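Visitor: Predicted structure and sequence below. I'll ask about it afterward.
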Amino acid sequence: MARLKTIWRDRNITFGAKVKLQRALVISIMVYACEAWTLNTDQQRRIQAVEMRCLRRLLGISYKDRITKNEVRGRVTQKVRVYGDLRLKRGNSDGHVTRSEGSTKTILQGTVQKKKRRGRQKKSWADNILEWTGKSFAVTQTIVHNCTRWSQLVDRSSIMQRPYDPSGLRDQ
């Protein structure tokens, strides 16, 4: 993103072209192999922060301008949602993995037998699916086999704008 500073500041390049460049050159690298990620709240906030930083850079808005996140999102006419696209990509790959058979399915779904570790349980693939779709892992396993219902469920769950509660954050 920093190496492309001359492109972001160029007034002759339209905002739509800048968004397309950002998606191709920055976002695609940022979400590479996201199908295998298990996202916790901290990682979600970091992804949202990068998304907001990119939007501010594209619009030429400095942090010193004291413009809120909602105002920045209001100025963007095109849908630029990194986290929503990431969820869509993850949901689609979950459908493919669940419909298949083999070691990939066993590993990604976390059904490998292992010793219990001390401390709090780590967030799993199934926890992300439950959080995003609002349906239990067993229910989603049956829905996956109906491709049209699964794609509708994934599309609906990827639209959600706020994956975390922003209360307590300075810039709302």
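Guide: That came through, no problem.
Visitor: in this structure, which spans are helices?
Guide: Secondary structure of the chain, counting by DSSP state H: helices at 5-9, 15-22, 28-30, 41-59, 69-75, 82-99, 103-108, 125-133, 137-143, 147-159.
Visitor: And the ones you listed: which comes nearest residue 118?
Guide: Checking those against residue 118 by C-beta to C-beta gives helix 125-133 as the closest, at 19.1 Å. Backbone N, C-alpha and C define where each C-beta goes, glycine included.
Visitor: Report the angle between the closest one and helix 41-59.
Guide: Per axes from the mean of the first three to the mean of the last three C-alpha atoms, to 10 degrees, the angle that helix 125-133 makes with helix 41-59 is 50 degrees.
Visitor: Low-confidence stretches in the protein?
Guide: 77-80, 108, 110-112, 160-172 (pLDDT under 70).
Visitor: Nearest to residue 115, out of the helices of the chain?
Guide: Of all these, it is helix 103-108 that lies closest to residue 115, at 16.5 Å by C-beta to C-beta.
Visitor: one step back: out of the helices of the chain, the one nearest residue 114 is which?
Guide: Of all the helices of the chain, it is helix 103-108 that lies closest to residue 114, at 11.3 Å by C-beta to C-beta.
Visitor: Could you check how far the residue found closest to residue 140 once you drop the neighbours it is linked to in the chain is from residue 31?
Guide: Residue nearest to residue 140 in three dimensions, not counting chain neighbours: residue 129, with 5.5 Å by C-beta to C-beta, 6 or more residues apart in numbering. For residue 129, the distance to residue 31 equals 18 Å [C-beta to C-beta, to the nearest Å].
Visitor: Same question for residue 8.
Guide: On the measure of C-beta to C-beta, residue 8 and residue 31 end up 20 Å apart.
Visitor: which residue ends up closest to the midpoint of the protein in space?
Guide: residue 83 (2.4 Å; C-alpha atoms, centre = their mean).
Visitor: pretty sure that residue contacts residue 46?
Guide: No. Contact criterion C-beta atoms under 8 Å: residue 83 and residue 46 do not qualify, at 10.2 Å.
Visitor: Can you report how many residues neighbour the nearest residue to residue 105 once chain neighbours are set aside?
Guide: Leaving aside its chain neighbours, residue 105 sits nearest to residue 97 (5.3 Å; criterion: C-beta to C-beta, 6+ apart). By other C-beta atoms under 10 Å, 20 other residues sit near residue 97.
Visitor: picking that back up, which one of residue 129 and residue 31 has more residues nearby?
Guide: Between residue 129 and residue 31, counted using other C-beta under 10 Å, the more crowded position is residue 129 (25 against 17).
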